[in-house]
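J.: Below is the sequence, then the predicted model.
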Amino acid sequence: NDINDYDGSSFSDVDFACYYFDGCGGFTPHIIGMMSAALIRPEETTSSSSTNNLHHLPKTTAIGYSLMGGNKDVIEKEMDINRALSNIARTRGMRT
């Protein structure tokens, strides 16, 4: 396929943010802490000179994470992370 053949379909018109949390060692509290720090924040800043432009947050956010290392209880660890992410999303009025 040539780049000129691209028709602009799929997600080309969707404004979104994406986060990937690397959980090397399989320690879920660190992943949950990173997700909380990234996703639970004020909608806007009080300082107009702030370098963080939180006035335009996309409506769609994709989340990814890894649980490398510590292969014991992987399913329970994944469920802990998914529960925490659902709770974070609920507090922010996001859909899951």
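T.: Perfect, I can see it now.

J.: Could I get the contacting residues of the residue lying closest to Ile63 once chain neighbours are set aside?
T.: Sequence neighbours aside, Tyr19 is the residue nearest to Ile63 in space, at 5.5 Å (criterion: CB to CB, 6 or more residues apart in numbering). Bear in mind the C-beta positions are built from the backbone N, C-alpha and C, glycine included. Neighbour list for Tyr19: Met35, Ala38, Leu39, Thr61, Ala62, Ile63, Gly64 [criterion: CB atoms under 8 Å, 6 or more residues apart in numbering].

J.: Mind checking what secondary structure Tyr19 has?
T.: Three-state call for Tyr19 (DSSP: H, G, I helix; E, B strand; the rest coil): strand.

J.: how near is it to Glu76?
T.: Per CB to CB, to the nearest Å, Tyr19 is found 22 Å from Glu76.

J.: Ok, Ala84 next?
T.: Relative to Glu76, Ala84 is positioned 13 Å away (criterion: CB to CB).

J.: same deal with Ile31?
T.: According to CB to CB, Ile31 and Glu76 sit 13 Å apart.

J.: More neighbours: those two, which one.
T.: Neighbour count, other CB atoms under 10 Å: between Ile31 and Glu76, Ile31 has more, with 23 against 10.

J.: you'd agree that one is in a strand?
T.: No: per three-state DSSP, Ile31 lies outside any strand segment and is helix.

J.: what helix or strand is Ser86 on?
T.: helix 74-91 (DSSP states H and E).

J.: Identify all contacting residues around that helix.
T.: Looking at helix 74-91 with CB under 8 Å, 6+ apart, the contacting residues turn out to be 23, 26, 28, 31-32, 35-36, 39-40, 63, 65, 67, 70, 94-96.

J.: which of the residues in stretch 84-96 are buried?
T.: By neighbour count on 16 or more other CB atoms under 10 Å, the buried set for stretch 84-96 is Ala84, Leu85, Ile88, Ala89.

J.: Would you format those as a markdown table with pLDDT and distance to Ser12 included?
T.: Listed next are the buried residues of stretch 84-96 as a markdown table, based on pLDDT from 0 to 100; distance: CB to CB, whole Å:
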| residue | pLDDT | distance to Ser12 |
| --- | --- | --- |
| Ala84 | 96 | 31 |
| Leu85 | 93 | 26 |
| Ile88 | 92 | 28 |
| Ala89 | 89 | 25 |
